[in-house]
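*Asks:* Pasted the sequence and its predicted model underneath.
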Amino acid sequence: YRGVDWRTVFLLAGLIPLGVAMQQTGAAEWLAFHLLNLVGAPTPLVFYFIVGLITTAFTLVVSNVGATVLLVPLVIGMAHGVGADPRLAALVVGMAASNSFLLPTHQVNALYMGPGSYTSLDFVKAGTPLSILFLLVLSVMLHYMY
């Protein structure tokens, strides 16, 4: 038990009920639609990038599987509304759910946070440019390849 970082265990245990609460209260659906409404009627490429941003934000508080299950039905409906391909929108969600570089809320990040003596700020500094690059490449490649 000495090798177990209990902060990590409790962090991950606390994220599970947060994700459940977001799903059951409708907060996740409300947030996704309001984020999309902020930008108006985006082009499909911009829409895919926004979907990636929303998915990345959700994976900070909900597991990547939970974010995918929650967001795929939402973005399919949104894609029809903006004239984007709903299959690509679903694919963006599936791939962007792995974009978990910003905070130690992903299990793998949380596991090496303690032994590496990293802080949340370290993750933000290193993860922000990486996450943005990930989303740009993902959006552009999927848009032009499919």
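*Replies:* It's in. Residues are numbered from 1 along each chain as shown.
*Asks:* What residues does residue 92 make contact with?
*Replies:* Contacts for residue 92 (CB atoms under 8 Å, 6 or more residues apart in numbering) come out as 48, 51, 52, 55, 75, 138, 139, 142. (Each C-beta comes from the backbone N, C-alpha and C, glycine too.)
*Asks:* Which one of those residues sits in the busiest neighbourhood?
*Replies:* Neighbour counts for the contacts of residue 92, by other CB atoms under 10 Å, peak at residue 51, which reaches 31 neighbours.
*Asks:* What confidence value was assigned to that one?
*Replies:* Confidence at residue 51, expressed as pLDDT, is 92.
*Asks:* And for residue 63?
*Replies:* For residue 63, the pLDDT comes out at 76.
*Asks:* Report how many residues lie close to it.
*Replies:* Each residue near residue 63 was counted by other CB under 10 Å, and the total is 19.
*Asks:* ditto for residue 114
*Replies:* So residue 114, with other CB under 10 Å, has 15 neighbours.
*Asks:* do the same with residue 135
*Replies:* Neighbourhood size, residue 135 [other CB under 10 Å]: 22.
*Asks:* what's the answer for residue 43, then?
*Replies:* Using other CB under 10 Å, the number of residues around residue 43 comes to 12.
*Asks:* Likewise for residue 121?
*Replies:* Residue 121: 9 neighbours (other CB under 10 Å).
*Asks:* can you list the contacts of residue 92 in a markdown table and add secondary structure and distance to residue 31?
*Replies:* Listed next are those as a markdown table, based on DSSP: H, G, I helix; E, B strand; the rest coil; distance: CB to CB, whole Å:
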| residue | secondary structure | distance to residue 31 |
| --- | --- | --- |
| 48 | helix | 18 |
| 51 | helix | 13 |
| 52 | helix | 15 |
| 55 | helix | 12 |
| 75 | helix | 13 |
| 138 | helix | 21 |
| 139 | helix | 20 |
| 142 | helix | 23 |
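*Asks:* Pull the most distant pair out of these.
*Replies:* Comparing all pairs in the contacts of residue 92 by CB to CB, the longest separation belongs to 75 and 138, at 13.8 Å.
*Asks:* re earlier: got the contacts of residue 92 as a markdown table, with distance to residue 85 columns?
*Replies:* Shown next, in a markdown table, are the contacts of residue 92 (distance: CB to CB, whole Å):
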| residue | distance to residue 85 |
| --- | --- |
| 48 | 9 |
| 51 | 11 |
| 52 | 14 |
| 55 | 16 |
| 75 | 11 |
| 138 | 14 |
| 139 | 12 |
| 142 | 9 |
